[in-house]
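**Student:** Structure here, sequence nowhere to be found:
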Ligand code: V47
């Protein structure tokens, strides 16, 4: 950053912390709080963009994927959920045969499947293992990212074994990675309110730690824009950073913006665009050990996603192919989410960047 730009953008009280970030040094909790309380979105964006470009150059990664949501029947009562059967009024559960058909009919060029859904009261470990096996059978090449830590925790409790044992068996069946769902916000006082009956921060992190140690990598998420404050957001991000120091197993961090329709938190106003920019930028600045900040566009909308490319985002999930309902029900703009390659390209060019189709290891796929 030139001296002239610094004078314009950096208030005196932030000059030390900004200097640290510009030199590639890690900032701590107090410095992060000071930064977020004072810095303009413009300054946060510049800092995040610098880090983003050092890690990922001009690339905007995207993945050709589809989702399978095996059921919306769920034992949990998360207040933000618009997907659970009692709320939608139409319970469904896919049989293994139906799932086989979905996978057989999926676009052969899709490289990744993302599987997550309700925690069904009657499904046991055998079902979850058979599901992974059958996908492996139909598409040996497909990257299988399946079952959030909450689902793994449920399988472990039901089977009466440690989560690590579940992960060993799922890996043996063909599981490649865990999605980041279920993190919500780690602060226990908020979990008590928004998702009282599911595994806590320690449980979520322990499952990701076990997975990483078994060679199953994963993503981490944070649900933001509801009751949480900046202290709670920063503590959440720093817990992810601490575990990443230990294992290195997180591929991406995904801030998930709370959407308010059709759930028990509809009285909350959704956060502003400026808040989105600040959350993504501070995530990029703090997570110096996580390579990718992902925007999950079906919930953010395409224009906000395009803007976030300038605030730390290097990865956009994904082509999706109209296969997820979790967000359309909660009020996301995209009712039938599909993003075409042409759209990824236009969005990236709009930010002076290049859209690159990736595999799960963030290597370019040349078609
Ligand atoms: O844990 C549910 C969130 C998550 C709402 O790992 C909501 O690549 C906003 O984790 N408003 C599940 N958010 C989805 C998820 C995910 C998505 C995309 C990619 C990856 C990945 C993971 O969805 C839940 C919860 O935090 N969520 N309801 C809502 N009303």
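**Tutor:** Right, received. Where do you want to start? Please read all numbers here as calculations on a predicted model, not as lab measurements.
**Student:** Only C-alpha atoms from now on, for both contacts and neighbour counts.
**Tutor:** Fine.
**Student:** In space, what's closest to the residue of the stretch 51-200 of the chain found nearest the ligand - neighbours in sequence excluded?
**Tutor:** For the stretch 51-200 of the chain, the residue closest to the ligand is residue 181, as judged by CA to the nearest ligand atom, at 2.9 Å. The shortest distance from residue 181 to any non-neighbouring residue, by CA to CA, 6 or more residues apart in numbering, is to residue 148 (5.2 Å).
**Student:** OK, contacts around the one you found?
**Tutor:** Residue 148 is in contact with 116, 178-182, counting by CA atoms under 8 Å, 6 or more residues apart in numbering.
**Student:** Out of the helices and strands in this protein, which is least certain?
**Tutor:** Across the helices and strands of the chain, mean pLDDT, DSSP states H and E gives its lowest value to helix 85-88, namely a mean of 79.
**Student:** Pull the distance from that one to the chain's centre.
**Tutor:** Chain-centre distance of helix 85-88: 24 Å, with CA atoms, centre = their mean, to the nearest Å.
**Student:** and if you look at stretch 24-38?
**Tutor:** Relative to its parent chain, stretch 24-38 has a centroid offset of 23 Å by CA atoms, centre = their mean.
**Student:** which outside residues touch it?
**Tutor:** Outside stretch 24-38, the residues within contact range by CA under 8 Å, 6+ apart are 14, 17, 20-21, 230-231, 234-235, 238, 278, 282, 286, 288.
**Student:** if we go to 10 Å?
**Tutor:** 10-11, 13-21, 43-44, 50-51, 54, 230-231, 233-235, 237-238, 278-279, 281-282, 285-289 (CA atoms under 10 Å, 6 or more residues apart in numbering).
**Student:** of the residues you listed, buried ones?
**Tutor:** For these, a burial check counting by 16 or more other CA atoms under 10 Å picks out 10, 17-18, 21, 43-44, 50-51, 233-235, 237-238, 278-279, 281-282, 285-289.
**Student:** Helices - which of those land there?
**Tutor:** 17-18, 21, 43-44, 50-51, 233-235, 237-238, 278-279, 281-282, 285-286 (DSSP state H).
**Student:** isn't residue 296 right up against residue 314?
**Tutor:** No: using CA atoms under 10 Å, residue 296 is not in contact with residue 314; the gap is 11.4 Å.
**Student:** who's more crowded, these two?
**Tutor:** residue 314 (29 against 18; other CA atoms under 10 Å).
**Student:** Could you tell me how many residues sit around the closest residue in space to that one that isn't next to it in sequence?
**Tutor:** Nearest non-adjacent residue to residue 314, counting by CA to CA, 6+ apart: residue 60, 5.0 Å away. Neighbour count for residue 60, taken as other CA under 10 Å: 24.
**Student:** Which helix or strand contains residue 60?
**Tutor:** strand 59-62 (DSSP states H and E).
**Student:** Show me which positions of that strand end up buried.
**Tutor:** Across strand 59-62, burial judged by 16+ other CA under 10 Å covers 59-62.
**Student:** ok, residue 244 to the ligand distance?
**Tutor:** 15 Å (CA to the nearest ligand atom, to the nearest Å).
**Student:** what's around that residue, how many residues?
**Tutor:** Neighbours of residue 244 under the rule other CA under 10 Å: 20.
**Student:** With the one 4 residues further on instead?
**Tutor:** Per other CA under 10 Å, the neighbour tally for residue 248 reads 18.
**Student:** how near is the closest residue to residue 9 other than its chain neighbours to the ligand?
**Tutor:** Distance criterion CA to CA, 6+ apart; nearest residue to residue 9, sequence neighbours excluded, is residue 43 at 6.0 Å. According to CA to the nearest ligand atom, residue 43 and the ligand sit 27 Å apart.
**Student:** I'm done for today, thanks for sticking with me.
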